[in-house]
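Asker: Compute the structure for the input listed below.
(2 chains)
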Amino acid sequence: MGYGTENVLVENNKPIAPPKFAEWLVKLFCRKDYAEEVLGDVHEVYCWRIEEKGKTVANLRYFLDAFSAIRLLKIENKTTVKLNFLAMISLKVTLRTFMCNKSQTVTNLFGLACGFMVFLAIFQYVSFEKNYDAFIPDNENLFRVNSTLKRDSLLVFETAEAVPAIGRNAYELLPQVADYFKLFNSGSENNCVISLDEQGRNSFNESGIMHATAHAPSLLGLRMIEGDAEFVLDEPFEVIISKSLQLKYFQGASAVGKTITFDDDDENHEVLTVSGVFEDFPGDSHLAFDMLVSFKTLYTRETKRGETAKYRYDEDWEGAHDFLTYLKLSPGTPHEPIATVLEENMNAPITYPGYAYQLNLKPVKAIHTSAAVREEVKTVADVQKLNTLLILGVFVLVLAWVNFINLTTATALGRAKETGMRKVLGGTRKQLIWQFLFESVLTGFIAFAVGILFFSLSFNYFNEFLPVTEKWYLFNEFHTTLLILGIVFVCGLVAGIYPAFVLSGFKPVTVLKGVFKNSGNGLLVRKVLVVLQAGISIFLITGLLAIVKQVDYMLNNDLGMEPEQVLVIAKPGNLNKITDEDRDHKSLFKSLLSSKSFVKDYAVTDALPGSVLRKGKDINLTEVEDNEVKSRAIFVEYDYFKLLDIPFVAGRDFRNTVVDEKSVVLNESAVKALGFSDPQEVVDQRLYEGDEWVNIIGVISDYHHTSLKNQVVPMIIGTRSWGLDYHLIKIDGGSIEKSLAEVEEAFNTVFPGNPFDYYFLDEHFEQNYAEEQQFGRSFGFFALIAILIASIGLYSLSSFITISRSKEIGIRKVLGARSSSIVNHLNKDFLILILLAAFVATPLSLWAVEGWLDSFPYRIGLGLMFFVVPGLVILMVSLTSVSFKTVVASRVNPINLLQRE
Amino acid sequence: MNQTLGALEELILLLVLRERESYGAELVKLYAEHTNKSITLPAVVMVLKRLEKKKMLKSYTGDPSAQRGGRRKVMYEATELGYYSAEEAVKTKTQIWDMVPKMS
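Answerer: From the prediction side, this is the model:
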């Protein structure tokens, strides 16, 4: 006979099943050979209860059944291993120990938690940086074609971009190439303006624009919100935008079918139809874009040399290196042969002797951690910096861990009597070992939890110098989670080993009699550890000092020019709205500006100070190809030098672009490189620059064009009125807001249909040092934590020593020693340790710092400060933390110390 | 016969005897019906196993059914020993009960 209905209970067309977790519990507790019977019965009872009392009650009762299934264990004759283990440890004893040594438990947990916090932050940052592009589907088969030009096997340049024909050719020629796509980084090549209507209102400067072939969205794994990744970029004039742009342009409304207008400073004017919207492209990629335009749009453009646009953008073997080209290979294909085949095609038309191209297929996942190449979309990671950080993280963790071991051991020694008592009462050695190990592992995990809490609270702070996109990035991957938990486990285990094995081995009689003594070796080890901690702290402080000083030096050093109060406006992207073709915008803009009282100077240039100098020129005094000087070339209109306060050491400035078309200005470095000692000599000399003769009309004093991280290079400055991308306006006095408003008004009059975006030159310069400042902040933070941990370590050591020498202190006091002399006596030991640490660590850290500083051409010297300050800081901190205990110990009534037995 | 029966064992044994043969889930329900108290299933199973060990019950494995999530049930049936043990236990109690002075 059965209960309930004979039919199976059904809910939402699925047979009712009890909670999975509860079933698992039953299986866990129940004896194996009863499992089937019990599970079946429980299931049946569950169904019956659902009918009678409803689902909630049934679920509750099921859990009750599940837990009570533990009774079925007792039926077995042999207790299981699980129970055996559980019987060995006692949570109650652990908690009692914690409560008993409150201050020690708290310092122990705190120190270790700080260590875990720092380690988590660094580990998270480093693995984030090293796992770029991991989200791209099938990324191990996706390669980018890097091109290298060599001249007589000497590197001329390596670029991330390839010539137009590579992608298609590889795909058509080689069966191993399963697919390909090309990107044209329009946003970085040109100034682009996107307008929401044809009239040019609602316009935005956009730099994240790329032209992409049809397969790019699906191969990059774009997550489409609207549109199908396979087909969105099939036709000319199609565009897909990111979710952020959808929000910016259309306030989040559906964007498909809407049109936007694209203008750039090459006078392209195209109306694009939105065919899709994608989730913002992840930040942990070597690529970055907000908008992809279909590649076929490029084919509709006019080209200058009379060739078809399709040839210019897709078929030319000798064209410009303009295209980021990605090849998807069939799984398991070696990529070297493919590069070889393509290289042959590429080198075929080259006629210059000695020149040859080399192609290199780079796995996309490796791009971010490889050496920087030209035209890379994003700055690549500094692997050396990442490794340094990782080492620092391990340092700090080891510091904390050493403390943990020390404190656990010290606490355990205080429990010698307890251990003896437990043995007398019949505790086995095995039991004691398990108990101690369990306690330290538990402490480890609690500290880890607290560390996670600390990390989570200070996440925003960490994110300023160790930025990651996601808060719990680390825990997304199972194996890293496992690794971290493993580290925590081992930390706890090792810390527990000393008390577990040494302490549990003592004979109860001797321990209870109080004969038990600390071994001398243990103390020596702990002293060495203290020296290590102090040494690492000294190293970190020295590093911090060097970074802070160097950044300060770079920020405040004389650049040889005056970048303050200079407003920068990039060349407007949309010149198509300007009605009169012949009108000279710059002159108009200049005349409008110079009528304002606050504008002191105005100049235009093609190379913004503070940015990299891209163009190179070989200059020489003869036409012979020997002894030529590699120099960097920039073009300006007049007034550039006056605006930046760069003085002339000889000759004169440009008069205007027409008269001085064939004139150049050199800097002092260039003059020296050409072999002259007196700048006056070169004025009015003729100079051969690459392909033509020009006149030197003046020499300027050297100034730092990029930043103090680079050596001043020879520079040649020419003048012209076209192709100048940056407007510089020197503002003098008056309120900045008011001046900006007036400049904006003038800008809108001259360049309608362009958004007014600006920044200041000095801020642009300071951006160059952002990386060092970030590095300095992380160093500062680690140094702080390291000092904190080291002082905790010293504190615990001093408390340990004062306790073990309490009798000595008592006798000294009885014999008439004063408190102060006892404090001095006790502190002396630590002083020696710290001095030893300083003696060893200072030269080592100075050596490391010297190495780092040597990477800067303009650097600070290592003054007396570097020798003294770090050691002194550590000395002060440690004396303070040691004195806490020693002062207390020296004041106790000697009776209390001597009575203790 | 030195083997004794606990109170719960006795009750379960009686229930099995009444049904001729029975299994865990059914017994949970019967127990609830007869005593107005609820019992967890593992408690019942434990008693059944103990009775089996005392050779008062014997069991065989039935067929799987969907009602039980596709698991086979184990049916229990009282042995002769079980029958007489139960009889004796009940008899002893009844004898004593009969001797208890009645409350007025």
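Asker: so residue B:4, which of the three states?
Answerer: coil (DSSP: H, G, I helix; E, B strand; the rest coil).
Asker: pLDDT at it, what is it?
Answerer: In this model, residue B:4 is scored at 79, pLDDT.
Asker: same deal with the one 10 residues further on?
Answerer: Per-residue confidence at residue B:14 stands at 92 (pLDDT).
Asker: same check, this time on residue A:643
Answerer: pLDDT at residue A:643 comes out at 90.
Asker: how much space between it and chain B?
Answerer: The spacing between residue A:643 and chain B, counted by C-beta to the nearest C-beta, to the nearest Å, is 84 Å. Just so you know, the C-beta spots here come from the backbone N, C-alpha and C atoms, and that holds for glycine as well.
Asker: Quick one: list the elements packing against the host helix or strand of residue A:591.
Answerer: According to DSSP states H and E, residue A:591 maps onto helix A:585-594. Contacts defined by 3 or more C-beta pairs under 8 Å, 6 or more residues apart in numbering or on different chains; DSSP states H and E place helix A:585-594 against strand A:599-605, strand A:726-731, helix A:736-750.
Asker: Just give the nearest non-adjacent residue to the spatially most central residue of chain B, would you?
Answerer: The C-alpha lying nearest the average C-alpha coordinate of chain B belongs to residue B:12 (C-alpha atoms, centre = their mean; 1.9 Å). Leaving aside its sequence neighbours, residue B:12 sits nearest to residue B:47 (C-beta to C-beta, 6 or more residues apart in numbering or on different chains; 4.9 Å).
Asker: contacting residues around the one you found?
Answerer: B:6, B:8-9, B:12 (C-beta atoms under 8 Å, 6 or more residues apart in numbering or on different chains).
Asker: what residues does the stretch 51-200 of chain A put near chain B?
Answerer: Contacts of the stretch 51-200 of chain A with chain B, taken as C-beta under 8 Å from any C-beta of the partner chain, map to A:61, A:64-65, A:68-72, A:74-75.
Asker: Show me how to select, in ChimeraX, the buried members of those residues.
Answerer: The buried residues among these can be selected in ChimeraX (16 or more other C-beta atoms under 10 Å in any protein chain shown) with this line:
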select /A:61,65,68,69,72
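Asker: Any chance of the residues of the stretch 51-200 of chain A next to chain B in a markdown table with secondary structure as columns?
Answerer: A markdown table is the format used below for these (three-state DSSP):
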| residue | secondary structure |
| --- | --- |
| A:61 | helix |
| A:64 | helix |
| A:65 | helix |
| A:68 | helix |
| A:69 | helix |
| A:70 | helix |
| A:71 | helix |
| A:72 | helix |
| A:74 | helix |
| A:75 | helix |
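Asker: Can you redo the residues of the stretch 51-200 of chain A next to chain B as TSV, where the extra columns are pLDDT?
Answerer: Formatted as TSV, these follow (pLDDT from 0 to 100):
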residue	pLDDT
A:61	82
A:64	82
A:65	81
A:68	77
A:69	76
A:70	72
A:71	70
A:72	70
A:74	51
A:75	48
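Asker: got the helices and strands packed on helix A:585-594 as a markdown table, with mean neighbour count and mean pLDDT columns?
Answerer: Formatted as a markdown table, those follow (neighbours: other C-beta atoms under 10 Å in any protein chain shown; pLDDT from 0 to 100):
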| stretch | mean neighbour count | mean pLDDT |
| --- | --- | --- |
| strand A:599-605 | 20 | 88 |
| strand A:726-731 | 22 | 90 |
| helix A:736-750 | 15 | 87 |
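Asker: so which of the ones you listed gets nearest residue A:225?
Answerer: Of all these, it is helix A:736-750 that lies closest to residue A:225, at 34.5 Å by C-beta to C-beta.
Asker: mind checking how far that closest one is from the chain centre?
Answerer: For helix A:736-750, the separation from the chain centroid amounts to 38 Å (computed by C-alpha atoms, centre = their mean, to the nearest Å).
Asker: Quick one: list the elements packing against that helix.
Answerer: Secondary-structure packing of helix A:736-750 (3+ C-beta pairs under 8 Å, 6+ apart): strand A:566-570, helix A:585-594.
Asker: For the stretch 1-150 of chain A, give me the ranges with low pLDDT.
Answerer: Where the stretch 1-150 of chain A drops to pLDDT under 70, the residues are A:1-16, A:73-89.
Asker: Test my guess that residue A:438 contacts residue A:93.
Answerer: No - using C-beta atoms under 8 Å, residue A:438 makes no contact with residue A:93, being 9.5 Å away.
Asker: Between these two, point out the one with more neighbours.
Answerer: Using other C-beta atoms under 10 Å in any protein chain shown as the criterion, residue A:438 and residue A:93 rank with residue A:438 on top: 21 against 14.
Asker: That one sits in which helix or strand?
Answerer: Assigned by DSSP H and E, residue A:438 belongs to helix A:429-457.
Asker: circling back: go ahead and build a ChimeraX selection from the buried members of the contacts of residue B:47.
Answerer: To isolate the buried ones among these in ChimeraX, judged by 16+ other C-beta under 10 Å, type:
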select /B:9,12
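Asker: bridging residues for residue A:238?
Answerer: Beta bridges link residue A:238 to residue A:273, judged by DSSP bridges.
Asker: Next up, the contacts around it.
Answerer: Residues near residue A:238 by C-beta under 8 Å, 6+ apart: A:232, A:272-273, A:275, A:293-294, A:297.
Asker: now swap in residue A:90 and tell me
Answerer: Going by C-beta under 8 Å, 6+ apart, residue A:90 touches residue A:435.
Asker: Residue A:364: neighbouring residues, count only.
Answerer: Using other C-beta under 10 Å, residue A:364 has 22 neighbouring residues.
Asker: Would you mind confirming that it makes contact with residue A:139?
Answerer: Yes - using C-beta under 8 Å, residue A:364 is in contact with residue A:139, at 5.5 Å.
Asker: Output the longest helix seen in chain B as PDB, restricted to C-alpha atoms.
Answerer: Determined from DSSP state H, the single longest helix within chain B is helix B:80-99. Written as PDB, here are the backbone C-alpha positions of helix B:80-99 (Å, rounded to 0.1, in the frame of the first residue of the first chain):
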ATOM      1  CA  GLU B  80       8.800 -15.700  14.300                       C
ATOM      2  CA  LEU B  81      11.200 -14.400  16.900                       C
ATOM      3  CA  GLY B  82       9.900 -11.000  16.300                       C
ATOM      4  CA  TYR B  83       6.300 -12.100  16.700                       C
ATOM      5  CA  TYR B  84       6.900 -13.900  20.000                       C
ATOM      6  CA  SER B  85       9.100 -11.100  21.400                       C
ATOM      7  CA  ALA B  86       6.300  -8.600  20.700                       C
ATOM      8  CA  GLU B  87       3.700 -10.900  22.200                       C
ATOM      9  CA  GLU B  88       5.700 -11.400  25.300                       C
ATOM     10  CA  ALA B  89       6.500  -7.700  25.700                       C
ATOM     11  CA  VAL B  90       2.800  -6.800  25.300                       C
ATOM     12  CA  LYS B  91       1.700  -9.600  27.600                       C
ATOM     13  CA  THR B  92       4.000  -8.600  30.400                       C
ATOM     14  CA  LYS B  93       2.800  -5.100  30.200                       C
ATOM     15  CA  THR B  94      -0.800  -6.100  30.100                       C
ATOM     16  CA  GLN B  95      -0.400  -8.400  33.100                       C
ATOM     17  CA  ILE B  96       1.200  -5.600  35.200                       C
ATOM     18  CA  TRP B  97      -1.400  -3.200  34.000                       C
ATOM     19  CA  ASP B  98      -4.200  -5.400  35.100                       C
ATOM     20  CA  MET B  99      -2.700  -5.400  38.600                       C
END
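Asker: Since that was my last question, I'll sign off now.
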